[in-house]
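Peer 1: Predicted model, plus sequence, below.
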Amino acid sequence: MTRAADGFGQVRGRAHVLGDDINTDLHCSNKYRHIGKGVDFLAQHAFEEIDPTLAQRIQPGDVLVAGTNFGINSSREQAVQVLKAMGVAAIVARSFGRSFFRNAINNGLLVVNCPVEGIASGDAVEIDMRAGLVKLPAKKISRATAALPDAVQAILFAGGLIPFLQQHPDWTVQQN
């Protein structure tokens, strides 16, 4: 995530469109977890059951776009770590699994709820977290997103919950 002049985050990347109900086993497959391989190995095989070439096509800064229920099925933080190892900068989806959404924030991965109609693989996507917008400049599409609370934005900018707490050891919920 880059920082705009006012200090808030912006993401610019290429879209990779997935469908509905993309569970965590599809990008962090149990097929490989049992052999003791690390996150980087899992990232090389992510999504291979639905698109065998997706992991190789994703470039750092790219954006995953999905329908409903992205990240359902598991509360494993490793699922988010795999996406970050792939270079995914953000996920835009109509809805997320609750545990996945929180794990994404805690691990510094931007997740954005908004309608995804009209977004195609390969489209340039811009996300302005401060303005609460997802834009597709070439298609002149601009969509409002669900606002993320200031505390969540601060966690994302820090790179996740642990780095945030290390940077702000005296922070309490009452301060926000």
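Peer 2: Perfect, thanks for sending it. Bear in mind the structure is a predicted one, so any value in this text is a computation, not a measurement. Numbering: from 1, shown residues only.
Peer 1: next one: the longest strand along the chain to chain centre, how far?
Peer 2: If you go by DSSP state E, the chain has its longest strand at strand 9-17. Using C-alpha atoms, centre = their mean, to the nearest Å, the mean C-alpha position of strand 9-17 is found 10 Å from that of the whole chain.
Peer 1: Contacts for it next, please.
Peer 2: For strand 9-17, contacts defined as C-beta atoms under 8 Å, 6 or more residues apart in numbering pick out 1-4, 54, 57-59, 61-66, 89-90, 92, 110, 116, 119-130, 153, 156-157. From N, CA and C alone the C-beta is placed, and that goes for glycine too.
Peer 1: For the chain, give me the ranges with low pLDDT.
Peer 2: 1-8, 29-36, 74, 173-176 (pLDDT under 70).
Peer 1: which stretches of the protein form strands?
Peer 2: Secondary structure of the chain by DSSP E: the strands cover 2-3, 9-17, 63-66, 90-93, 110-113, 124-128, 133-136, 141-144.
Peer 1: Same list (those strands) but as TSV, adding distance to A46 and mean neighbour count.
Peer 2: TSV is the format used below for the strands of the chain (distance: least, C-beta to C-beta, whole Å; neighbours: other C-beta atoms under 10 Å):
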stretch	distance to A46	mean neighbour count
strand 2-3	24	10
strand 9-17	11	19
strand 63-66	10	24
strand 90-93	13	25
strand 110-113	16	22
strand 124-128	19	19
strand 133-136	23	19
strand 141-144	26	14
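Peer 1: got those strands as CSV, with distance to K37 columns?
Peer 2: Shown next, in CSV, are the strands of the chain (distance: least, C-beta to C-beta, whole Å):
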stretch, distance to K37
strand 2-3, 31
strand 9-17, 23
strand 63-66, 22
strand 90-93, 23
strand 110-113, 25
strand 124-128, 30
strand 133-136, 34
strand 141-144, 37
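Peer 1: Figure out which of the ones you listed is closest to D40.
Peer 2: The closest of the strands of the chain to D40 is strand 63-66. By C-beta to C-beta, the value is 18.1 Å.
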